[in-house]
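Asker: give me a model of this one.
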Amino acid sequence: MQFRKVSSWGLFSLLVVFIAVITSYSYAYWQVSKEVKSDSKQLLSYIEHKLHVAGLSLQKLNEVEFDGCDYEGQETLEEFLFDHLGAGLFLIRHRDSDPWTYCSVVGNIKVSQLDRTFENIIYLDKKKNRAISFMGYDWQGLAKRDLFLTLETRERINVVRIALEDSYSFFEDDCTDCRNVEVRLSNDDLIFKVGGLKDRILSSERVISDKFPFYIDAVVGRQRVRSLALSSLMFTTPISIMLSLLCFYIISLIRKQHNSLDYQLLQAVQHGEMVAFYQPVIDAKTGFISGAEALVRWVKPDGSIESPALFIQTLEESDLINEVTLQLLKNIPIDLAEVLHSSTSFRCSINLVPQHLEESTFAEQLTELTNQGFPSHQLAIEITERLPLKNLAEARSNIEKMKALGVCVELDDAGTGYGGASYLQELSIDVMKIDKIFIDTLTLSPNRTQVLDAYIQMAKSLGLQIIAEGVEDEAQSMSLQGKGVQLQQGYLFSKPLPAAEFIEFWLQRNEVCQTGESIRPQSDEQIIKEC
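Answerer: Model prediction:
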């Protein structure tokens, strides 16, 4: 017991640590991802704003007179630049001037040889008047690359170079190694990069501009997530303890449910473990088998059979009884095909519970099966007195529907429970089955059989057939025959048998009866051998 306690506490501690780490790491990852995406959106908005301002400035530049790239032309560009400092460096090229050469405030600049192509130009309108590109150029002897916005008119091409800063207020300066943010045009040209992540990348976030053809890729680094996770452990540990307790509680509930009989029965029904065993009803005078009772048995995967006393009541009180009863009913013509075809007077009975009789579903299902060829004239339904019928009128109506199909109605456990004479009077009973407790009086208290005699007399006066249940020895059988009760059922003749064994027993029994040999076992050993 002490070992189990230690093991449970050890498991609990491990679970707390595990949940704390997972919670902290998940929170840190979510927080960093959220921050990375938020920063990317801010950068996106910033660049969109820069492009928008640059576009407006180009429109105004188009209104400025520009004759050439001489001193006056450069001075004109310089004045315009001071009036529009937020836009960028402005360039102009007349269409009749040298290609790929633009005038700026410091004179002519030329586009690098590698970028003198139209493949890296992205047009912003159908007329191809406005475009965006990322190109290299020569700036006073220095090779540079920048983002350009272009506006083409009939006479000239106006261009503005858009410079993007190396740092932003929403990007921490002390975290350049934990970031990697890239701005690319839709043709995948890299136009700007912040940070230089040296750690392993966990994931990436992408935000796309819906105004200009560019997007931003930002990554989530492992080291940054790990650092935040470690710092948040002190906050997530109490939550982890609560979650661990909740997990243990849920596990205990699941374990309790799985150990419950209701759950085990559900699994048994779903896996087809509920099958019918058949106990024969013998004509004690002739020895022939006149019928059988289908009894549900729980056959487990290992071949063991669960005692009916452990599950029958729970099964009958659950909704599973409807599914089990219907399945047993459908299997009767399959299990006993040889018997039913050979003996048209043979009847197999099946037990019903009140909900089968008080609801129309079972009667309707039986009607449908009969229309499909089910031998209802060889079926008997057993109504038990152990469970009360609350709606006799509805039960009577459904029983009449079944009797119209040829079904025989038997009163089981007569005299041991609810109903009694009211069932006999209201439910059109055909057969009375006398319970074992009255049969036992024949050997235990031979002088106290008045109740048994009264039931036998009542059944005879009502014109009912009688079946004695629980017959276990020869003396009981002979005494019952003396009282006029020939149909008997019990371990004297056979225990409930699986379908294949029942058919074999039926064949052997009737063969013995036809030859006129003795058919009654004389000892327990013979009973076991015969059953």
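
Asker: for Asn158, see how far away the closest residue to Tyr123 other than its chain neighbours is.
Answerer: Once flanking residues are discounted, Tyr123 sits nearest to Ala131: 4.9 Å by C-beta to C-beta, 6 or more residues apart in numbering. All C-beta atoms are positioned from the backbone trio N, CA, C, and that covers glycine. Going from Ala131 to Asn158 by C-beta to C-beta, to the nearest Å gives 11 Å.

Asker: residues shared between the contacts of the two?
Answerer: By the contact definition C-beta atoms under 8 Å, 6 or more residues apart in numbering, Ala131 and Asn158 are jointly contacted by 150, 152.

Asker: re earlier: buried sites along whichever strand or helix holds the residue nearest to Tyr123?
Answerer: Here Ala131, judged by DSSP states H and E, is contained in strand 130-139. Going by neighbour count (16 or more other C-beta atoms under 10 Å), the buried part of strand 130-139 is 130-137.

Asker: mind giving me the packing neighbours of it?
Answerer: Using 3 or more C-beta pairs under 8 Å, 6 or more residues apart in numbering; DSSP states H and E, the elements in contact with strand 130-139 are strand 107-110, strand 121-123, strand 142-152, strand 181-185.

Asker: relative to Asp440, which of those strands is closest?
Answerer: Nearest of these to Asp440, taken as C-beta to C-beta: strand 181-185 at 90.8 Å.

Asker: report the distance from the next helix-or-strand element following the closest one to the chain centre.
Answerer: The element immediately downstream of strand 181-185 (helix or strand, assigned by DSSP H and E) is strand 190-194. How far strand 190-194 lies from its chain's middle: 47 Å, per C-alpha atoms, centre = their mean, to the nearest Å.

Asker: avg pLDDT for strand 190-194?
Answerer: Average pLDDT, strand 190-194: 84.

Asker: what do you get for stretch 287-304?
Answerer: Across stretch 287-304, the average pLDDT comes to 91.

Asker: before we move on, what about stretch 470-482?
Answerer: Mean per-residue pLDDT for stretch 470-482: 93.

Asker: circling back to that earlier point, and the angle from the strand holding Ala131 to strand 142-152?
Answerer: When axes from the mean of the first three to the mean of the last three C-alpha atoms, to 10 degrees is applied, the directions of strand 130-139 and strand 142-152 differ by 150 degrees.

Asker: quick check: angle from the longest helix belonging to the chain to strand 181-185?
Answerer: The longest helix of the chain (DSSP state H) is helix 2-61. Per the same axes, to 10 degrees, the angle that helix 2-61 makes with strand 181-185 is 40 degrees.

Asker: any idea what sits nearest Arg206, other than its immediate chain neighbours?
Answerer: Asp217 (5.3 Å).

Asker: is that neighbour in a helix, a strand, or coil?
Answerer: Three-state assignment for Asp217 (DSSP: H, G, I helix; E, B strand; the rest coil): strand.

Asker: next, count neighbours for it.
Answerer: Using other C-beta atoms under 10 Å, Asp217 has 17 neighbouring residues.

Asker: begin at 19 from now on, thanks
Answerer: Let's use 19 as the start, then, which means that last one is Asp235.

Asker: residues touching it, list them.
Answerer: The contact partners of Asp235, by C-beta under 8 Å, 6+ apart, come to 199-200, 202, 222-224.

Asker: relative to Arg240, how far out is Cys196?
Answerer: Distance, Cys196 to Arg240, using C-beta to C-beta: 9 Å.

Asker: I meant to write Cys87 there.
Answerer: In terms of C-beta to C-beta, Cys87 sits 53 Å off from Arg240.

Asker: which parts of the helix or strand containing Ile417 are buried?
Answerer: Here Ile417 sits within helix 410-421, counting by DSSP H and E. For helix 410-421, a neighbour-count test (16+ other C-beta under 10 Å) marks 410, 413-414, 416-417, 419-421 as buried.

Asker: want to throw the residues you listed into TSV with distance to Leu354 and pLDDT?
Answerer: Shown next, in TSV, are the buried residues of helix 410-421 (distance: C-beta to C-beta, whole Å; pLDDT from 0 to 100):
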residue	distance to Leu354	pLDDT
Leu410	32	87
Ala413	27	90
Arg414	29	90
Asn416	25	93
Ile417	23	92
Lys419	24	94
Met420	19	94
Lys421	21	93
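
Asker: closest one to Thr402 out of the residues you listed, please.
Answerer: Here the nearest of these to Thr402, counting by C-beta to C-beta, is Ala413; it sits at 12.4 Å.

Asker: can you tell me the closest non-neighbouring residue to the closest one?
Answerer: That would be Leu375: by C-beta to C-beta, 6+ apart, it lies 4.0 Å from Ala413.

Asker: OK, contacts around the one you found?
Answerer: 401, 407, 412-413, 416-417.

Asker: pull the CA atoms of stretch 100-113 into CSV?
Answerer: Extracted C-alpha coordinates of stretch 100-113, given in CSV (Å, rounded to 0.1, in the frame of the first residue of the first chain):
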residue,chain,number,x,y,z
PHE,A,100,13.1,69.3,-49.4
ASP,A,101,9.3,69.7,-49.8
HIS,A,102,8.8,65.9,-49.8
LEU,A,103,11.4,64.6,-47.4
GLY,A,104,9.2,61.7,-46.3
ALA,A,105,8.9,60.2,-49.8
GLY,A,106,12.5,59.4,-50.8
LEU,A,107,15.1,60.3,-53.5
PHE,A,108,13.4,61.5,-56.7
LEU,A,109,14.7,60.7,-60.2
ILE,A,110,13.6,61.7,-63.6
ARG,A,111,14.4,60.4,-67.1
HIS,A,112,13.1,61.9,-70.4
ARG,A,113,12.1,59.2,-72.8
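
Asker: coming back round to it: just send the buried residues of helix 410-421 back as JSON lines, with distance to Pro319 too.
Answerer: Listed next are the buried residues of helix 410-421 as JSON lines, based on distance: C-beta to C-beta, whole Å:
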{"residue": "Leu410", "distance to Pro319": "42"}
{"residue": "Ala413", "distance to Pro319": "37"}
{"residue": "Arg414", "distance to Pro319": "42"}
{"residue": "Asn416", "distance to Pro319": "36"}
{"residue": "Ile417", "distance to Pro319": "38"}
{"residue": "Lys419", "distance to Pro319": "38"}
{"residue": "Met420", "distance to Pro319": "35"}
{"residue": "Lys421", "distance to Pro319": "39"}
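
Asker: and of the residues you listed, the nearest to Phe108?
Answerer: Checking the buried residues of helix 410-421 against Phe108 with C-beta to C-beta, the nearest one is Asn416 at 95.2 Å.

Asker: between Cys196 and Arg240, which has more neighbouring residues?
Answerer: Higher neighbour count among Cys196 and Arg240: Cys196, with 21 against 17, using other C-beta under 10 Å.

Asker: so the more buried one touches Val212, yeah?
Answerer: No. Using C-beta atoms under 8 Å, Cys196 is not in contact with Val212; the gap is 11.4 Å.

Asker: for stretch 53-71, buried residues please.
Answerer: 53-55, 57-58, 60-62, 65, 68-69, 71.

Asker: go on, stretch 309-328?
Answerer: Of the residues in stretch 309-328, 309-317, 324 count as buried by neighbour count, 16+ other C-beta under 10 Å.

Asker: to the chain's geometric centre, what's the distance from it?
Answerer: Relative to its parent chain, stretch 309-328 has a centroid offset of 31 Å by C-alpha atoms, centre = their mean.

Asker: now stretch 242-253
Answerer: How far stretch 242-253 lies from its chain's middle: 35 Å, per C-alpha atoms, centre = their mean.
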